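A.B. asks: Take a look and give me a structure for this.
(2 chains)
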Amino acid sequence: MKYYFRLQFAMLNRTLKDFGLVPFFGYLLAAVAFVGLSILLFSKIGLAEYLYDLMAMSLVLKLSQTRRNDFLKSCFPNKAYFRIRILENLIISLPFLMFLTYQNCIISAASLSGASVILAFLNFENRLSFTIPTPFYKWPFEFIVGFRNTFFVIFVAYFLVVMAISAGNFNLGIFAMILVFLICFSFYSKPEDQFYVWVFSSGAGRFLFYKIKIALLSSSLLVFPVVASLCFFFPENMVMVFAFLGIGYLYLATVVMAKYSAFPEPMNLPQGFLLVAGLWFPPLLAGVIPYFYGRSINRLREILG
Amino acid sequence: MINIENLSKSFGNLQVLTNVNLVFEKGRVYGIVGENGSGKTTLFRCIAGLEKHRGTIKSDFEKLKNHLGFLQTDPYFFAKITGREYLQLFCNARNIRENDFDAKNIFELPLNQYAATYSTGMKKKLALSAILLQNNDVFILDEPFNGVDIQSNILITEIINKLKSLQKTIIISSHIFSTLNDTCDEIHLLKEGVFVKHVFKEKFWQLEQEMKEITISNKIEKLGLK
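C.D. replies: Here you go, the predicted structure:
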């Protein structure tokens, strides 16, 4: 059992090293980010403790996949298996439990620790028996996979638009549009298997433009209900709506280029930093976009010839 | 025609392929056999341009990879993509607009289900269907019969024969000798990254016999089974 946790620790360290981080600084950075975001969450949202519990549970649930746990069961005797499952669930929950306790949310902390233990005895099949329909079937694969993974968040964004309209709050509507674009960005966070690029017969430039075109067209489908509703109910702010739409498209194209600038490896820390800097301070995009474009073309040329 | 000259490939200090010289012609089926780790998949990845290597690979095409259908041993599938969407992706990749996937679904795959939920054999058949829809001129089939049911094995054998009659070049690796016997014109034996034998159809039985003798030798006795 000790070896299992040592192995998990070694794997985590390897992931951090691959990302270009010394593990110690990786943990430090993660701790600072976690505390910072937690403070922000509790200061801005009234029901933060419940949202916090939900976030912790969604992470714990990732360890309850049947296939993964069948493997663990085949490796360890029953008693050791359940000890491992309880321990790893509690390790995942620990940072959340500590912050909840610090915030004096004792009931939430107790329910989270109880749920973490109970979930160690339950496994869930991740594979749905039905196929979630998507409007993107002609343009595989980013939006098809992404939509099926995040459709519930997209509906939350649409719900926010309804709230914005009913409350006459235009800013909330714009926030919903930003949320839709953020979801679209997440579809490009991981590189696909190299084979899925190799299979294309186009050159590097055409391939990249094809991917950007698909990203813009598909994101337009998702963002259209938001844009149309905001233009209809807040006609005086139409220019603002289209300005945000334009910026969203520009960012999305940048994210696509950033992904292929490191391909077939995932984006490393300097590239990630450059991308965030460009999104944070848009004038930087004048330099960031050509940089990512040039690197993407070089990377893709190695695979596409 | 594909002409491979002095192809060598190493990973760090590990030499995987050494001075490979091969010619693959149109309308012929080639079998590549060898033990696990002998370098078959690396050779295929080099031909496909997925691995950098020393030596040259020339072909009749400007870019061989754009005319090549590569069936991998263990094809990768996204968690939430259906069989139909997988086929669409492969057609989009080669600018093939019109395709009646249902009519061409000869393996009767559940195309509206997530491909990741398919069995090993069904995944193989889906990946094979995808490269067939692309109308490729050259096919590399890395263990196409692996995990596939008997009926589909018969079908795949017939597909290979049909491709041969259409003057396509087919390169197959398989650990099931009978499937190579049914489909190949020539078999090349790869051992530790070097091609040690080249046999035409009429001598396949001899190769099979030799391989059995070398592979089995006295290994079963070593197990000391009681």
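
A.B. asks: Assign A:Pro266 to helix, strand or coil.
C.D. replies: coil (DSSP: H, G, I helix; E, B strand; the rest coil).

A.B. asks: That one against A:Pro191, yeah?
C.D. replies: Yes - A:Pro266 is within contact range of A:Pro191, at 5.7 Å (criterion: Cβ atoms under 8 Å). The C-beta positions use only the backbone N, C-alpha and C, and glycine is treated the same way.

A.B. asks: how about B:Gly147, phi and psi?
C.D. replies: When read as degrees, to the nearest 10, the backbone of B:Gly147 gives phi 80, psi 10.

A.B. asks: err, B:Gly34, not the other one
C.D. replies: Torsion angles, degrees, to the nearest 10, at B:Gly34: phi 170, psi 160.

A.B. asks: Contact partners for it?
C.D. replies: Neighbouring residues of B:Gly34 by Cβ atoms under 8 Å, 6 or more residues apart in numbering or on different chains: B:Lys40, B:Ser173, B:Leu189, B:Leu190, B:Lys191.

A.B. asks: and the two most separated of these?
C.D. replies: Spatial extent of those (Cβ to Cβ) is set by the pair B:Ser173 and B:Lys191 at 13.7 Å.

A.B. asks: right, and the secondary structure at A:Val35 would be what?
C.D. replies: A:Val35 ends up helix, using three-state DSSP.

A.B. asks: any idea where the helices of chain B begin and end?
C.D. replies: B:40-48, B:83-93, B:120-133, B:150-165, B:177-183, B:204-216, B:219-223 (DSSP state H).

A.B. asks: would you list these in JSON lines and tack on mean neighbour count and distance to chain A?
C.D. replies: As requested, the helices of chain B are exported to JSON lines (neighbours: other Cβ atoms under 10 Å in any protein chain shown; distance: least, Cβ to the nearest Cβ, whole Å):
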{"stretch": "helix B:40-48", "mean neighbour count": "23", "distance to chain A": "7"}
{"stretch": "helix B:83-93", "mean neighbour count": "23", "distance to chain A": "4"}
{"stretch": "helix B:120-133", "mean neighbour count": "21", "distance to chain A": "9"}
{"stretch": "helix B:150-165", "mean neighbour count": "16", "distance to chain A": "19"}
{"stretch": "helix B:177-183", "mean neighbour count": "19", "distance to chain A": "24"}
{"stretch": "helix B:204-216", "mean neighbour count": "13", "distance to chain A": "30"}
{"stretch": "helix B:219-223", "mean neighbour count": "8", "distance to chain A": "24"}
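
A.B. asks: Redo those as JSON lines? Include mean pLDDT and distance to B:Ile106.
C.D. replies: Output for those, formatted as JSON lines (pLDDT from 0 to 100; distance: least, Cβ to Cβ, whole Å):
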{"stretch": "helix B:40-48", "mean pLDDT": "94", "distance to B:Ile106": "24"}
{"stretch": "helix B:83-93", "mean pLDDT": "93", "distance to B:Ile106": "12"}
{"stretch": "helix B:120-133", "mean pLDDT": "94", "distance to B:Ile106": "8"}
{"stretch": "helix B:150-165", "mean pLDDT": "94", "distance to B:Ile106": "7"}
{"stretch": "helix B:177-183", "mean pLDDT": "87", "distance to B:Ile106": "17"}
{"stretch": "helix B:204-216", "mean pLDDT": "81", "distance to B:Ile106": "28"}
{"stretch": "helix B:219-223", "mean pLDDT": "80", "distance to B:Ile106": "40"}
